[in-house]
Each structure stands twice: as C-alpha cells, then as structure tokens.
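got a sequence here, can you build the structure:
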Amino acid sequence: MELRLLRYFMAVAEERHFGRAATRLHMTQPPLSRAIKQLETDLGVVLLNRSATGVDLTAAGNTLYKEAAALLQHAEQARARVTAATTLTVGTLGDSAGERGTRLAATFRRHHPDVTIRFREADFADPTTGLRNGVVDVALTRLPFNDTGISTRTLRQEPVGAVLRTDDPLATKEMLTLADLEDRPWFQLPEGTDPVWRAYWNGAKPAGERPQGPVVRTVQECTQAVLWNGNVGIAPVTHPQPEGLLCVPLKDMPLSPLVVAWLTAREDQLIRSFAATAIEAYR
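Next up is the predicted model:
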C-alpha cells in the first residue's frame, strides 16, 4: 500500500470533504478522488460514504484511519532515523586528528559520499569529547580515561615529553625523567575531570601531589602557561610547539595511546566503518 495514498486518505478522512482535502494537499480534486477510488479498489472495500455535503467514514474507513495513522507515524520515525544515520558527529581533543586526518577524511568520503561529517572539538575536561552525553557519535582522543561502556581501538602510541621554554635549563637535555620535574609547578585540569585522565597528565600522579600551576582547558592555554609563567606541562612529542617552546622526551612516562572510541551500546555500521577507516589511515 502506497504511503502517498494513505496520506491522501487521511486528509479526506479528517477534512470530511474532498475539496478541502485537495486544498490541504495542494492539489486539485479530480486526481484526489481517483486516488481514493484506487485505494478502495486495491483494498476491495468502500472507505467513504460520499454525499453532496461531504463524506463520512465507513466501518472499514474507520479501521483504516486508525491503522494509517500508526503506519504514517512509523514511517516518519523511520525517515528520521535514516536521515540521522547519514550524519556522523566526530569528537576531537586538541589536534588528535593530526596529520593523518586528511587521509582519514578522504578515505571515509570515498566510502560514504552521502554521509555528512560534523566535528566537535572538546576541551581537556572531557577526554571522551562528548560520547557519554550523546553529543558525538565517535571520538578521536587519547587514553587513559574511564572507558566503562566505551569501545576503543588504538591507532598509535606516542611518547610523551615535558613542554618547556627554550631558555629553561632543562631544555638542553636530550631526555628527562619525571624526577627532574619534581619541584616544578604543573598546569592542572579542572575539578570534576575524569581522575584517571587527570592523573596521567599530572605526570602519572594524583592531582595535588605536584606543585600546582594554573588550571587549563585547551592546548593554547597550556602553551601560554609555559611561555608566560614557566610552568611545566606534558604533551606527545609529535605535537608541534610554538616558537619559544620545545618538548623534551620523558623516558619514564607511559606512552600516550591515540584511539578511536565510541559508546558500545550505540555501535552501528557507520561507526564501525569510521573506526576501520581510522585504523587504516593511521597505520
């Protein structure tokens, strides 16, 4: 049964008049009358009692009206789900997409030319970039964080270094240890930040066990804290640093895993395809 015919029938049933229904549907009356007649022929029942003043529903018409309302509602819901499935929102953290982001975008567009990709850049307070509150569908981010209910696939693991000013005495060293930075103030992450994530970026120590620098939320805030105040932070050594800063590798700092992540309960074919494409792009 065509949804078009059901919509025509619903309009006539609600208006109780072919002329008014035709106006509502932005069409003329003759094709509407023919469409309803075709529907009655297809079903083998009379749906409407016609008169000079309008129409009334027969018993069969009343039954179809109730069924048609449910069918059309279901069709609209299905259409909304299909439309939503053609949009994928990707959360990123800082420059987590990195230089491979161009390859990832090109490959995914080639496989899914009709999918619209939206990006949302999160700050350091939320390493899931909005997965848990449903703001994004999939994330390019970094572990470690509380990954309960979240699926992850590692794209690569990167060494981490101390971000210092170029005039810092430690900047001349080829390698540092966390002990070399014991007396230095480190920038802090906001209260309420995932404690696993917060501890990692505090040099693998719980917050409060190092001299505390300013609270920061973005890469830019981190670099400015180092440039202006001489604070110490850590970052993957592959991250480019602005003029006046450098990143000295820390030999006893755990590697930083770059991952693609998504809520396990919301996994679908599009998310699986994105994850597979990301894994391929970062090889």
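
CA only for contacts and neighbour counts going forward, please
Noted.

all helices of the chain, in order?
3-15, 18-25, 29-43, 59-85, 101-111, 195-200, 219-229, 269-281 (DSSP state H).

how about the third one: buried residues?
What it means is helix 29-43. 29, 32-33, 35-37, 39-40 (16 or more other Cα atoms under 10 Å).

and residue 269, what pLDDT?
Residue 269 is assigned a pLDDT of 88 by the prediction.

to clarify, my last question referred to residue 14.
pLDDT at residue 14 comes out at 91.

can you tell me which of the helices of the chain the model trusts least?
helix 59-85 (a mean of 78).

how about it: buried residues?
61, 64-65, 68, 72.

give me the low-pLDDT residue ranges for the stretch 101-250 of the chain?
101, 206-208 (pLDDT under 70).

nearest to residue 237, of the helices of the chain?
Of all the helices of the chain, helix 219-229 sits nearest to residue 237, with 13.6 Å by Cα to Cα.

hmm, who's touching that closest one?
Outside helix 219-229, the residues that touch it by Cα atoms under 8 Å, 6 or more residues apart in numbering are 94, 163-165, 187, 214, 216, 231-233, 242, 244-245.

among the residues you listed, which ones are in strands?
163-165, 187, 214, 233, 245 (DSSP state E).

got the contacts of helix 219-229 as a markdown table, with neighbour count and distance to residue 55 columns?
As requested, those are exported to a markdown table (neighbours: other Cα atoms under 10 Å; distance: Cα to Cα, whole Å):
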| residue | neighbour count | distance to residue 55 |
| --- | --- | --- |
| 94 | 17 | 64 |
| 163 | 25 | 79 |
| 164 | 24 | 82 |
| 165 | 23 | 84 |
| 187 | 24 | 75 |
| 214 | 15 | 75 |
| 216 | 19 | 69 |
| 231 | 22 | 81 |
| 232 | 22 | 80 |
| 233 | 24 | 77 |
| 242 | 12 | 76 |
| 244 | 12 | 82 |
| 245 | 19 | 81 |
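
so which of the buried residues of helix 59-85 is the closest to residue 196?
Among the buried residues of helix 59-85, and counting by Cα to Cα, the member closest to residue 196 is residue 72, at 48.0 Å.

contacting residues for that closest one?
Contacts of residue 72 by Cα under 8 Å, 6+ apart are 3, 6-7.

from residue 40, how far out is it?
18 Å (Cα to Cα, to the nearest Å).

kindly report the same for residue 244.
80 Å.

over to residue 173?
87 Å.

with residue 264 instead?
For residue 264 relative to residue 40 (Cα to Cα), the value is 47 Å.

so residue 247 bridges to which residues?
residue 163 (DSSP bridges).

just checking, it touches residue 241?
Yes: with contacts counted by Cα atoms under 8 Å, residue 247 reaches residue 241, the gap being 7.4 Å.

of the two, give the one with the bigger neighbour count.
residue 247 (24 against 14; other Cα atoms under 10 Å).

how many neighbours does residue 171 have?
Neighbour number of residue 171 under other Cα under 10 Å is 18.

let me redo that: residue 180
Residues near residue 180, counting by other Cα under 10 Å: 10.

of all the ones in strands among the contacts of helix 219-229, which two lie farthest apart?
214 and 245 (17.8 Å).

any idea what residue 57 is bridged to?
Assigned bridge partners for residue 57, using DSSP bridges, are residue 48.

surely it meets residue 48?
Yes: if you go by Cα under 8 Å, residue 57 and residue 48 touch, sitting 4.7 Å apart.

which one in this structure is furthest away from the centre?
residue 52 (56.6 Å; Cα atoms, centre = their mean).

that older thread, turn the buried residues of helix 29-43 into CSV, columns for distance to residue 107.
Shown next, in CSV, are the buried residues of helix 29-43 (distance: Cα to Cα, whole Å):
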residue, distance to residue 107
29, 51
32, 48
33, 51
35, 46
36, 48
37, 51
39, 47
40, 50
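
ok, residue 187 - contacts?
Residue 187 touches 202, 212-216, 222, 225, 231-233, counting by Cα under 8 Å, 6+ apart.

ok, residue 227 to residue 211 distance?
18 Å.

more neighbours: which of the two?
Ranked by neighbour count (other Cα under 10 Å), residue 227 and residue 211 place residue 227 first, with 19 against 15.

residue 238 versus the more buried one, what's the distance?
Distance from residue 227 to residue 238, by Cα to Cα: 19 Å.

same question for residue 112.
From residue 112 to residue 238 the distance is 30 Å (Cα to Cα).
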